[in-house]
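Trainee: Coordinates for the following, if possible.
(one chain, ligands or ions: 1)
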Amino acid sequence: MDDTTKLAPPAVLAAIERDSAAAGFSMASEARMGALLRTLAAAKPRGAFLELGTGTGISSTWILAGMDAASTLISVESDPGYAAIAKRHLGHDGRVEFHIEDGAAFLAKLRGRRFDLIFADTWPGKFDHLDDALELLNAGGFYVIDDMLPQPNWPDNHAPKVGALITKLEHRPDLTLCKLAWASGIIVAVRCG
Ligand SMILES: C[S@@+](CC[C@H](N)C(=O)[O-])C[C@H]1O[C@@H](n2cnc3c(N)ncnc32)[C@H](O)[C@@H]1O
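Mentor: Okay, the predicted model is just below:
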């Protein structure tokens, strides 16, 4: 098996990647992660999806590709320039809402809502405000993160933060965890109560 070929990326992805490169955006999730997100999204018909850290919409593209017509995606990004690229290419899709806001403030506004999949791809909801994000997860819902293996763009002293996050997740009695030392290093957790 070659897990890097025949991923059948969504048609719009190439144009978003071109605009992302022109904007100097280099933090996107890789295609294998996209394929995983698309697959997990497909597992939740009529699902409610949340993405923390839209970037330019590359991972949103994959999530949308797995969603059925009755599913919805809410995505938040603090950088208006990056979010504008996502909106330009994906904003016509009535299933998705893009918000330009700090993720921590946005998580506070979502209190009381429930989601079937949360892709936490920025600081809030991952390295900070983790409990706020997990609180929003439905029973049976997926909490997904990547970049858990050392990456060239990790800031200084990032490794201990990654270790601490993994330990926190491992100690949550309400999560069933699968750690995948694959692609950029992925954790898929499912809320089991
Ligand atoms: C790893 S990138 C997201 C990549 C995107 N999910 C993808 O795979 O294509 C993280 C994003 O979080 C954004 N960000 C940083 N701090 C944030 C915050 N406090 N709230 C919301 N977004 C933030 C950055 O501007 C960046 O676009």
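Trainee: How about the residues of the protein by the ligand?
Mentor: Contact residues (CB under 6 Å from any ligand atom) of the chain with the ligand: 27-29, 53, 55, 58-59, 76-79, 82, 102-103, 121-124. All C-beta atoms are positioned from the backbone trio N, CA, C, and that covers glycine.
Trainee: Buried only: go through these for me.
Mentor: Among the residues of the chain next to the ligand, those classed as buried by 16 or more other CB atoms under 10 Å are 28-29, 53, 55, 58-59, 76-78, 82, 103, 121-124.
Trainee: Restricted to helices, list the residues you listed.
Mentor: Mapping those onto helices (DSSP state H) picks out Ile58, Ser59, Tyr82, Gly103.
Trainee: returning to what we had before: in strands only, show me the residues of the chain next to the ligand.
Mentor: Among the residues of the chain next to the ligand, DSSP state E puts Val76, Glu77 in strands.
Trainee: Does Ser20 touch Met27 like I think?
Mentor: No - under the criterion of CB atoms under 8 Å, Ser20 is not in contact with Met27, lying 9.1 Å apart.
Trainee: Next, the buried residues of the longest strand seen in the chain.
Mentor: Counting residues, the longest strand found in the chain (DSSP E) is strand 137-145. Using 16+ other CB under 10 Å as the test for burial, strand 137-145 gives Leu137, Asn138, Gly141, Phe142, Tyr143, Val144, Ile145.
Trainee: Then stretch 113-129?
Mentor: Across stretch 113-129, burial judged by 16+ other CB under 10 Å covers 115-129.
Trainee: any idea of the pLDDT on the residue nearest in space to the middle of the chain?
Mentor: With distances taken as CA atoms, centre = their mean, Phe119 lies nearest the centre of the chain, 2.7 Å away. As predicted, Phe119 sits at a pLDDT of 99.
Trainee: Quick one: list the elements packing against the one helix or strand it maps to.
Mentor: In the assignment (DSSP states H and E), Phe119 maps to strand 115-120. Applying 3 or more CB pairs under 8 Å, 6 or more residues apart in numbering; DSSP states H and E, we find strand 115-120 packed against helix 31-42, strand 48-52, helix 58-66, strand 137-145.
Trainee: Would you format these as TSV with mean pLDDT included?
Mentor: Shown next, in TSV, are the helices and strands packed on strand 115-120 (pLDDT from 0 to 100):
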stretch	mean pLDDT
helix 31-42	98
strand 48-52	98
helix 58-66	98
strand 137-145	98
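Trainee: now the ones you listed as a markdown table including distance to Gly94?
Mentor: Shown next, in a markdown table, are those (distance: least, CB to CB, whole Å):
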| stretch | distance to Gly94 |
| --- | --- |
| helix 31-42 | 16 |
| strand 48-52 | 14 |
| helix 58-66 | 11 |
| strand 137-145 | 22 |
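Trainee: Now do the shared contacts for Ser20 and Met27.
Mentor: Both Ser20 and Met27 are in contact with Gly55, where contact means CB atoms under 8 Å, 6 or more residues apart in numbering.
Trainee: which helices and strands does the longest strand of the chain pack with?
Mentor: Strand 137-145 packs on helix 31-42, strand 115-120, strand 186-191, going by 3+ CB pairs under 8 Å, 6+ apart.
Trainee: Cool, thanks, talk later.
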